[in-house]
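Visitor: below: sequence and its predicted model.
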Amino acid sequence: MVSLRTALIIQEHGADVAVGTDKNTGKYAFEIYSIIRERYRPHLTSKGIYDSEEIAEGKGKELLEDIKALDLDKKRKELSGLIGDVGPIVEKIVDASIK
């Protein structure tokens, strides 16, 4: 399950997939992340369930492509109507709260 916020951020800023080993299972996991304003921003992390790096990376890229393909224009318009011209200010406040 991917939140609307996460999907919108990925579509807005782009994202990539990293692969690593899960310490608990010894298997591979993927993480979908972005570099936004020179900061590493993780979005989604899978469980370590994959038998190889290639499989984990493939599954991560598949999910990333599915997120990029979502048609979120209607949701963008709804949100824009709610926050109007203050959108950039809200984004800065949210970013500041994360730091």
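Guide: Received it, and whenever you're ready, just let me know what you need.

Visitor: pick out the residue closest to the middle of this protein.
Guide: Centroid check for the chain by C-alpha atoms, centre = their mean gives residue 43 as the closest residue, at 3.5 Å.

Visitor: list the contacts of that residue.
Guide: Listed by C-beta atoms under 8 Å, 6 or more residues apart in numbering, the contact set of residue 43 reads 6, 9, 10, 15, 31, 32, 33, 34. The C-beta positions use only the backbone N, C-alpha and C, and glycine is treated the same way.

Visitor: tell me the SS of it?
Guide: Here residue 43 is recorded as strand under DSSP: H, G, I helix; E, B strand; the rest coil.

Visitor: ok, it to residue 26 distance?
Guide: For residue 43, the distance to residue 26 equals 24 Å [C-beta to C-beta, to the nearest Å].

Visitor: how about the CA coordinates for the strand with the most length in the chain, as PDB?
Guide: For the chain, the strand with the greatest residue count under DSSP state E is strand 28-36. Taking C-alpha atoms only, strand 28-36 is exported to PDB below (Å, rounded to 0.1, in the frame of the first residue of the first chain):
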ATOM      1  CA  TYR A  28      17.500  -9.000   0.100                       C
ATOM      2  CA  ALA A  29      15.200  -6.000   0.400                       C
ATOM      3  CA  PHE A  30      14.600  -2.800  -1.700                       C
ATOM      4  CA  GLU A  31      14.100   0.800  -0.800                       C
ATOM      5  CA  ILE A  32      12.500   3.400  -3.100                       C
ATOM      6  CA  TYR A  33      14.100   6.800  -2.300                       C
ATOM      7  CA  SER A  34      14.700  10.300  -3.700                       C
ATOM      8  CA  ILE A  35      17.400  12.900  -3.300                       C
ATOM      9  CA  ILE A  36      15.400  16.100  -2.500                       C
END
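
Visitor: check the separation of the first and last residues in stretch 46-53.
Guide: End-to-end distance for stretch 46-53, by C-alpha to C-alpha, to the nearest Å: 13 Å.

Visitor: show me what the residue lying closest to residue 15 once chain neighbours are set aside is bridged to.
Guide: Excluding the flanking residues, the one nearest residue 15 by C-beta to C-beta, 6 or more residues apart in numbering is residue 34, at 4.7 Å. Applying DSSP bridges to residue 34 gives these bridge partners: residue 41.
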